[in-house]
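Participant: Please work out how this folds:
(2 chains)
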Amino acid sequence: MNNYLGYAIKNLWTNKWSTLMAILSIAVCFFIITLIAIGLYNLNIFTKKLSNKAAMVIYLKNGLSQTEIAQFTESLQQKNVFSKIKFISKEEALKEMKDIIEPSLIELIGFNPLSDTVEAFIKDEKLNTLEEIKKELKNHKYVEDIYYPTNIINILKMLKITLWNLGIVILSLLGLSIFFIIYATVKNHYWKKEEEIEILKLLGATPSYIRYPFLTEGGLLGIAGSLIAALSIFFLYFILYSKEMIDYLPAISQLILPTEVFYLLPSAGMLLGIISSLIALGKIRYQ
Amino acid sequence: MITFLGVYKYYDSVPVLQSVSFKIEKGELIFITGPSGAGKTTLLKLIFGSEKPDEGEIKVGDFELSRIRQSEIPHLRRIVTFVFQDFKLRQDLTVYENVALPLIVMGQKERDIKQKVYDTLKNVSLRHKADTLVRTLSGGEQQRVAIARAVITNPRVILADEPTGNLDPDTSKDVMNLFKSVNALGCTVVIATHNPELFKNTSYRVLHLKEGKIIQ
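Facilitator: Just a heads-up that it's a prediction; the model follows:
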């Protein structure tokens, strides 16, 4: 194994300029891939948070007794659809309203126009059954009306799906670019050593003996590129999280950088490097 | 050791070997001779697994070459080695490194390799040139390096294609003596040549090829 590693390093060094070009191109691709992946990861968290924060407001009919309200909230809890249920009496609602609107204006009406309400937060995994839940609740005898910010949630969902699809297309294209960079570099290095390899074949070298140094080369190119990308992401993270930057753009502090990036990226780089080289070498034929 | 039975080989429908049948015994030294284009090199390539026969059977040791798989060829080449007319040496490496190459490929330990290489170089009178780059050597010396590389793995068969083709008569004689000494150790040696001087006045068997057929 040491021999293969030494041979691969020597070969990369011999072709240092093409190696450097390949590593830098791979690093740029991995850097963009990681940025997009982090973006999608944060988008996922953001939309999940937002969906969880959007409550379904159930307006109850007037004149319901405390027992009926308790029965209703109990029935909601039993459905196992909501993560949180909160009853707000019309008096509490009015009190909250007075914090927003000038109390004297409300007093002009002369009575409390608000209804008793139940705020129900739908579990994330049940969001797809939203319409059925709404329909079922609307037909309930204690329910006057239901409000849920469907449009906003739908727009967010659409935005999330579109960005995910776009992200996946870009990720695939960049992944393919890395594949071709490593493929072309290893193939080029292989061609340069064609005469040497022909001699090895004549001396009884097995296909694996011929392949290993080039697979190691591909793996090293992938690791080097992805490590540069990981380090760049690390520095970018520190710049973004600096006090000056957070003071200027506080939303940045909400960004999450999954630490898995730092071991997933080199592993992905190595794997992609080995696979690309394996395909570049193709079948070793003896003549 | 080597058996050819009704072997045919064509290049672009042109027959290069036709109904070739012969047997070479273990430990034999044999010359394959004939004019240029008679099929001598093709015959050696068939024994080396570089080519497959279009018809007929070829057996080398336990290897059935008419049905040999690509994955078996490296193993064949560890018992059958080839000395090429153009040497096929790594010009960027030293004599020592070139001779050590087959042992490295076979995964032998460096300590064992060192001893074997120096012993073999001594046998071909090149011990003093071990650290010399091959490209600085004369044709005769390069041929001796090629022979050293071919014998270092103790093969069962050595094939040589015009081994003296580029050498002067004195050097040719030295090279032939090397093959004879290798053969004396029990190794089968097959030499393709169009130079009758090599086998004149010898008791070794000679196969004459003409237009792809054995005529004598």
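
Participant: residues from chain B in reach of chain A?
Facilitator: Residues of chain B lying close to chain A by C-beta under 8 Å from any C-beta of the partner chain are B:49-51, B:70-71, B:73-78, B:81-82, B:84, B:88-90, B:101-102, B:105-106, B:149, B:153. To be clear about C-beta, it is placed using only N, CA and C from the backbone, and glycine gets the same treatment.

Participant: Out of those residues, which sit inside helices?
Facilitator: Secondary structure from DSSP state H places B:73-76, B:101-102, B:105, B:149 of the residues of chain B next to chain A in helices.

Participant: most remote residue from chain A's center?
Facilitator: When distances to the mean C-alpha position of chain A are computed (C-alpha atoms, centre = their mean), the maximum falls on residue A:110, with 52.2 Å.

Participant: Please see if the strand or helix carrying residue A:179 touches chain B.
Facilitator: Residue A:179 belongs to helix A:150-192 when assigned by DSSP states H and E. No - using C-beta under 8 Å from any C-beta, helix A:150-192 stays clear of chain B, coming no nearer than 12.3 Å.

Participant: Run through the neighbouring helices and strands of that helix.
Facilitator: Helix A:150-192 sits against helix A:16-53, helix A:207-240, helix A:261-281, with contacts defined as 3 or more C-beta pairs under 8 Å, 6 or more residues apart in numbering or on different chains; DSSP states H and E.

Participant: want to throw the ones you listed into JSON lines with mean neighbour count, mean pLDDT and distance to chain B?
Facilitator: Formatted as JSON lines, the helices and strands packed on helix A:150-192 follow (neighbours: other C-beta atoms under 10 Å in any protein chain shown; pLDDT from 0 to 100; distance: least, C-beta to the nearest C-beta, whole Å):
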{"stretch": "helix A:16-53", "mean neighbour count": "17", "mean pLDDT": "88", "distance to chain B": "18"}
{"stretch": "helix A:207-240", "mean neighbour count": "20", "mean pLDDT": "92", "distance to chain B": "6"}
{"stretch": "helix A:261-281", "mean neighbour count": "20", "mean pLDDT": "93", "distance to chain B": "14"}
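
Participant: Just send these back as TSV, with distance to residue B:33 too.
Facilitator: Output for those, formatted as TSV (distance: least, C-beta to C-beta, whole Å):
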stretch	distance to residue B:33
helix A:16-53	48
helix A:207-240	35
helix A:261-281	40
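
Participant: Which stretch among these approaches residue B:32 most closely?
Facilitator: Residue B:32 sits nearest to helix A:207-240 of all the helices and strands packed on helix A:150-192, at 30.3 Å, using C-beta to C-beta.

Participant: ok, then the element right after that closest one?
Facilitator: Helix A:207-240 is succeeded, C-terminally, by helix A:243-248 (DSSP H and E).

Participant: what's the nearest residue to residue A:44 once chain neighbours are set aside in contact with, if anything?
Facilitator: Ranked by C-beta to C-beta, 6 or more residues apart in numbering or on different chains and with sequence neighbours excluded, the top spatial neighbour of residue A:44 is residue A:160, at 7.4 Å. The contact partners of residue A:160, by C-beta atoms under 8 Å, 6 or more residues apart in numbering or on different chains, come to A:43-44, A:47.

Participant: Would you list the buried entries among the ones in helices among the residues of chain B next to chain A?
Facilitator: B:73-74, B:76, B:101-102, B:105, B:149 (16 or more other C-beta atoms under 10 Å in any protein chain shown).

Participant: can you redo those as a markdown table with pLDDT?
Facilitator: Listed next are those as a markdown table, based on pLDDT from 0 to 100:
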| residue | pLDDT |
| --- | --- |
| B:73 | 94 |
| B:74 | 94 |
| B:76 | 94 |
| B:101 | 94 |
| B:102 | 95 |
| B:105 | 91 |
| B:149 | 94 |
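
Participant: and which of these is nearest residue A:175?
Facilitator: residue B:74 (34.5 Å).
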